[in-house]
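J.: quick one, what's the 3D model for this:
(chains A, B, C and D)
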Number of protein chains: 4
Amino acid sequence: MDQIGVGIIGTGFMGRAHALAYGAAASTFPGLPRPKLVAIADIVPDAARAAAEQFGFAQWHTDWRRIVEDPSIGIVSITTPNLLHHDMAVAAARAGKHIHCEKPLAQDAVVARAMMQAAEAAGVKTQVGFNYLKNPVLKLAREMIADSELGEITGFRGIHAEDFMASPQVPWGWRLDPAGGTGALADLGSHIIALARFLLGPIERLTADLETVVKDRPVAAGSGERRKVEVDDIARLTVRFARGCGGTLEANWMATGRKMHLAFEVSGTKGGLVFSQERFNELQWYRAGDDPRLSGFTRIEAGPQHPPYRHFCIAPGHQIGFNDLKTIEVAEFLDCIAGGPACGPDFREAWEVQKVIDAAVAASHGRSWQTID
Amino acid sequence: MDQIGVGIIGTGFMGRAHALAYGAAASTFPGLPRPKLVAIADIVPDAARAAAEQFGFAQWHTDWRRIVEDPSIGIVSITTPNLLHHDMAVAAARAGKHIHCEKPLAQDAVVARAMMQAAEAAGVKTQVGFNYLKNPVLKLAREMIADSELGEITGFRGIHAEDFMASPQVPWGWRLDPAGGTGALADLGSHIIALARFLLGPIERLTADLETVVKDRPVAAGSGERRKVEVDDIARLTVRFARGCGGTLEANWMATGRKMHLAFEVSGTKGGLVFSQERFNELQWYRAGDDPRLSGFTRIEAGPQHPPYRHFCIAPGHQIGFNDLKTIEVAEFLDCIAGGPACGPDFREAWEVQKVIDAAVAASHGRSWQTID
Amino acid sequence: MDQIGVGIIGTGFMGRAHALAYGAAASTFPGLPRPKLVAIADIVPDAARAAAEQFGFAQWHTDWRRIVEDPSIGIVSITTPNLLHHDMAVAAARAGKHIHCEKPLAQDAVVARAMMQAAEAAGVKTQVGFNYLKNPVLKLAREMIADSELGEITGFRGIHAEDFMASPQVPWGWRLDPAGGTGALADLGSHIIALARFLLGPIERLTADLETVVKDRPVAAGSGERRKVEVDDIARLTVRFARGCGGTLEANWMATGRKMHLAFEVSGTKGGLVFSQERFNELQWYRAGDDPRLSGFTRIEAGPQHPPYRHFCIAPGHQIGFNDLKTIEVAEFLDCIAGGPACGPDFREAWEVQKVIDAAVAASHGRSWQTID
Amino acid sequence: MDQIGVGIIGTGFMGRAHALAYGAAASTFPGLPRPKLVAIADIVPDAARAAAEQFGFAQWHTDWRRIVEDPSIGIVSITTPNLLHHDMAVAAARAGKHIHCEKPLAQDAVVARAMMQAAEAAGVKTQVGFNYLKNPVLKLAREMIADSELGEITGFRGIHAEDFMASPQVPWGWRLDPAGGTGALADLGSHIIALARFLLGPIERLTADLETVVKDRPVAAGSGERRKVEVDDIARLTVRFARGCGGTLEANWMATGRKMHLAFEVSGTKGGLVFSQERFNELQWYRAGDDPRLSGFTRIEAGPQHPPYRHFCIAPGHQIGFNDLKTIEVAEFLDCIAGGPACGPDFREAWEVQKVIDAAVAASHGRSWQTID
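T.: Numbers count the residues shown, from 1 in each chain, chains lettered A, B, ... in the order given. Got it, this is the predicted structure:
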């Protein structure tokens, strides 16, 4: 397979990011199927047309079904609000398309499972946009944990904090629609849940406290009319992993001053790691047992020795950017489609993430602990 | 009152810190009653004798009651393991001594209340050794929150993490004695609970997960014999403050690489603060609403504009050290005894801290939420 | 002009970076002439062929003159060792091509001037690869200085330090060929000189100390045969700017541990800025005269409010990477060719940088101060 | 020798720091001669009286000669402006007193040598207040360099930057009196010169650029009358050490935003160290040759494994403060007087520092390189 047709649904923040990534993948990762930018869709005609022109898609549509039905398209990329994911993904699966879908996968685990089942029944490959996991230093972190570099893991503290909803004047928007699932927990929490699982494996049980801090918001910027908010602004989870250790996870879109604080600290009997997406080309590592005069956290800077950094630059310390994470995501998906290993996270993994979210909702409502099967 | 006699019980880590602080207080904070170092006690005669000589105490004893009974002593400083605090404090109170006691105050809230009641009945002043609260930049943080500099507070994330118990080879010790109360939660958690209350006021309800990570430890360093551990190595609390906001608190003495990570982030609708004792002469502050081109977290360095830093140095950025925090604690206690404001934390406040600890234990055992009355 | 043909000479580190940037420019910066990847050249046939395939060039050559002579090519990108730049650039200029040349422009100011004169005589646009200047937060820094946000500038301290030559076992290579000019001063120093000029304008006079630390190096990795090193490993410049203030500049490729420490601190009577390429999505800013209780360095994170960040991402804090800097460089060059403002640095500016380098060499040899005309 | 009488001349910033340090030394460092606070002098009677009372001196004087003549005094501590040091030190030496003198030792090397000769002729011990050298992590840095932990040293970059003179509105003061020697170079530069020598040994030759940025200043705060400034605000030195490597040193009291940026980076073929007094309980260390996946700068936090930190605290990461550095300085001087090793810096070393300052002045005036004999 030399080439594969790509169709993208949605032209917003993530639609653009996908378009850039599919455009960059072939030059950055030679040897993979070369994406051919076939079509892009948006319900707003001008948006669709402009995106097609900007990113070099041959066609644009206002009806996403045109993408799904196009025989020249092999990959359907879904970047719409998550409430819309199910119908698109199921249709794409039935049409035999590989599916690249943004996170969170669905509004709840039931829907996510249906999507997964549709994809697995159709035998198509799937990829969900947890792009932060594609970071070379987080791949290193996972390897270090897997290789027992930290000894036995004793605790995890993870958070995804931003501040784009911190002001009570930020208006109501689709992220607040309870039909789409939870609020900060879905939007940001799904990332830190996925990251926790990426590093440490399944979460077995949890309790949680979901909080709606701003009770109502303007219906639009500057409007005096207000609409009730029913989803969480902050979610605080206390978890136990199946491997035995415990931890906490927080999702918070009211963390004033934080723009991209997807962060964690993981401790083991022999070492510890500290990370924040605020400086995502770095990983802090402490190794117990070194000469105590000289021990401390080491700031590891990403370099070509940390795959796949070298695809972007052969010199260390030059740094990759956010869009490069998305390019890695696309490249790994292309590789998987071409018969390489499934790097994921796929729909099955995203369903697991969704189960954690659902359990957190139940735990918070019930003031209880919930077990995740 | 020009002078006041001081007797210290205990010559360990905290006994030494108290001795240094009482020795330094008069020179650093002129105008306060000058501490006269009357006596120091330790059950080990050599330790008591050596400490008296080193720190300039006129007398040393092996029986702490000699301190309590000495009419020339006005302040009794208690620095022993917390299981011993009650009897010493009650005796001191009955003898009319002001009491400076290390934290945690007691093994549980019932005992703490008895100590508080004894002190209040005797009309003596009390001070509990939550020395980290004496930090000039944390006084600033409290003022900023009280002055609504951060707007309405929306969340708090606090932790006290160290790693002195991280290795399973660290032997059993008095901090692990369940008769003394909890483990990391008492030893470290009491600090972050006190700090959370210092900044944000009472905690109304909580849930918690206490975990004993290392199930047994050598009875002594290098020993093959092991003793069961029954207290928590890690405690994870999810809380709601009476003022309305939520937060998390963690106590963890297995956080490999962390030596003094007493840290928090507090967010409000108009700003945020980030702090770690690892760099305790700094406070990070974000103000919402500034020119977005130029906004970000500002690293405030402690200086003479942050009381009582100027008592140590008239130039900014020179930094105070840990022992200086203890000197401030002593100075504020001396001032309180001389009729100044009660800066605390006093026994009543330490009892409140203990109630949070007890509620966390109950919540963890019951897998439930607990309300703190 | 809708489209413009591009030919790249060289397929090494910078050849690849240019290829990626020309490939990404149209999608990232809509509205500019769309680069058409016509041809790429390398004296090694396999390298040329592989690069053409990877990056999507229609043709590949082993003779760079084929690029210069191709009428369908409007931009010639020169990424070879700098000793080769002159002949290529002059030929390209005579052929009426716009020229995008890597830094340092030439081996000395005489050659650089000849290149500049050839380009200006031909009326072609030029751009030199000082990509670090394309950083949104450095554009902000320049604006702040120009707008007197820092008051009167009182000092500058700049450095470009890396460690790729730190080990005496690193073998001799083309960067050490004295025919190509200086060593670290050309390779790294040109960046910090360009950055100093970008922020503060012309350097009027200087003294310098150039040092060859490792006197000879293996002729190849692992070889016992050694070749004499005649160029500087470290260059230390003390400068006075035409605007009146002084400063220091250092180029150092033996700074063990430093991977990309292109850094500066600039101070003025009303503020200061601190920057390092190690965390190049951040700029530290101090404003004098703020409330002293709350003043400190503010860590500004790059976001869409800092042009042209928003072309890469609409959300703050997501970060751009090294290749994105190169994409901005290409986009600005395309815009200039299409009639937009000349963002530079062009050959004239690169000639000015070269004059500083030459003056430093003369100052170091003569143990004197040199004036730059 | 169980006890030694101490007399302090001066009650300003440093007079207070000395008084606190002599008061704390015995308790912090047992086993040394116990300082007896005999007398303190200041030409302002109220200042002398208040200091005596605050710090516990038995007597106070307005004439410093009373200190020198007092037979019960064994150590004379000189904390006045440096123009006054010579007469006091020579008188103290002749009276057989050990001398603890603030830095810079004198207005120039000629005077410093006279002081040194007087002390050596009298056989008294001397100590100069380069307190920053007493930092446990800088002692570690020196050991690491001496033990070749960094390999062969290839470069040093040092600075002492503060901002207390950054505003042109800061009035004229004694630090600007040219009779006292240089400006920032003496006040701050002496520290970084002493530190460079402490780590790397003698400086053999140098060139320098001294700059008076603010040409005149108000005679007093708010005054409209201005007085010409004749000393340097910024001094930039390029040096070669006798051991062979080069470096730069900067003194700058106009570095807006910097409160205590005494900082350096030292590189060797096998490692590097980075330090700033802004976070002086930390030392950053890079070791070449480690596993490249895991290498980076390690942030070493001061702890009891770094002598003499343990005298202040037995637990790591608790941090010492500025006054503690002064206490170490006093303790080491007491130990030296009692027959222990001379830790210095003594008058001889301070004379060497002064020679570097004088050479820098000559180099700057002559626009030349100067050799230091």
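
J.: what's the distance between the residue minimising distance to the centre of chain A and A:Gly189?
T.: A centroid search over chain A (Cα atoms, centre = their mean) returns A:Phe130, at 2.1 Å, as the residue closest to the centre. Distance, A:Phe130 to A:Gly189, by Cβ to Cβ, to the nearest Å: 12 Å. C-beta: built from backbone N, CA, C; applies to glycine.

J.: tell me where the stretch 151-300 of chain A has strands.
T.: Taking DSSP state E, counting those that start in this stretch, the strands of the stretch 151-300 of chain A run over residues A:153-161, A:203-211, A:216-218, A:226-228, A:234-241, A:246-252, A:261-268, A:271-276, A:282-287, A:296-301.

J.: is chain C contacted by the first one?
T.: No: with Cβ under 8 Å from any Cβ of the partner chain as the measure, strand A:153-161 is seen stopping short of chain C, the closest distance being 10.7 Å.

J.: what mean pLDDT does that strand get?
T.: For strand A:153-161, the per-residue pLDDT values average out at 98.

J.: strand partners (parallel or antiparallel) of that strand?
T.: For strand A:153-161, the pairing partners within the sheet under DSSP bridges are strand A:246-252 (parallel), strand A:261-268 (antiparallel).

J.: again with the second one
T.: Strand pairing for strand A:203-211, using DSSP bridges, gives strand A:234-241 (antiparallel), strand A:370-371 (antiparallel).

J.: ok, back up a step: does the residue nearest to the centre of chain A touch A:Leu105 like I think?
T.: No: A:Phe130 is beyond contact range of A:Leu105, at 9.8 Å (criterion: Cβ atoms under 8 Å).

J.: list residues touching both of those two?
T.: A:Ala350, A:Val353 (Cβ atoms under 8 Å, 6 or more residues apart in numbering or on different chains).

J.: look up how far C:Tyr309 lies from the residue in the stretch 151-300 of chain A positioned nearest to chain C.
T.: Ranked by Cβ to the nearest Cβ, the top residue of the stretch 151-300 of chain A for proximity to chain C is A:Lys259, at 2.6 Å. Distance of A:Lys259 to C:Tyr309, computed by Cβ to Cβ: 12 Å.

J.: so which of these two has more stuff around it?
T.: Between A:Lys259 and C:Tyr309, C:Tyr309 has the larger neighbour count (other Cβ atoms under 10 Å in any protein chain shown), namely 25 against 20.

J.: which other helices and strands contact the longest helix belonging to chain A?
T.: For chain A, the longest helix by residue count, based on DSSP state H, is helix A:347-366. Taking 3 or more Cβ pairs under 8 Å, 6 or more residues apart in numbering or on different chains; DSSP states H and E as the contact definition, the neighbouring helices and strands of helix A:347-366 are strand A:98-101, helix A:109-122, strand A:126-128, helix A:190-200, strand A:203-211, strand A:234-241, strand A:370-371.

J.: avg pLDDT for the longest one?
T.: Going back to what we said before, that points to helix A:109-122. In this model, helix A:109-122 has a mean pLDDT of 98.

J.: tell me the predicted confidence for A:Ala47.
T.: Looking at A:Ala47, its pLDDT is 98.

J.: return the residues in contact with it.
T.: With Cβ under 8 Å, 6+ apart as the criterion, the residues that contact A:Ala47 are A:Thr11.

J.: for the closest residue to A:Arg293 other than its chain neighbours, phi and psi?
T.: Closest residue to A:Arg293 apart from its sequence neighbours, by Cβ to Cβ, 6 or more residues apart in numbering or on different chains: D:Gln305 at 5.2 Å. Note on D:Gln305: its backbone torsions stand at phi -80, psi 0 [degrees, to the nearest 10].

J.: and the gap between D:Gln305 and A:Leu294?
T.: When Cβ to Cβ is the yardstick, D:Gln305 and A:Leu294 sit 9 Å from each other.

J.: local confidence estimate at the closest residue to A:Gly321 other than its chain neighbours?
T.: With Cβ to Cβ, 6+ apart as the criterion, A:Gly321 has its nearest non-adjacent residue at 2.9 Å, and that residue is C:Gly321. Note for C:Gly321: predicted pLDDT of 98.

J.: report how many residues lie close to A:Gly289.
T.: When neighbours are counted by other Cβ under 10 Å, A:Gly289 comes out with 11.

J.: for A:Gly224, same thing?
T.: For A:Gly224, which is what you asked about, the neighbour count (other Cβ under 10 Å) is 6.
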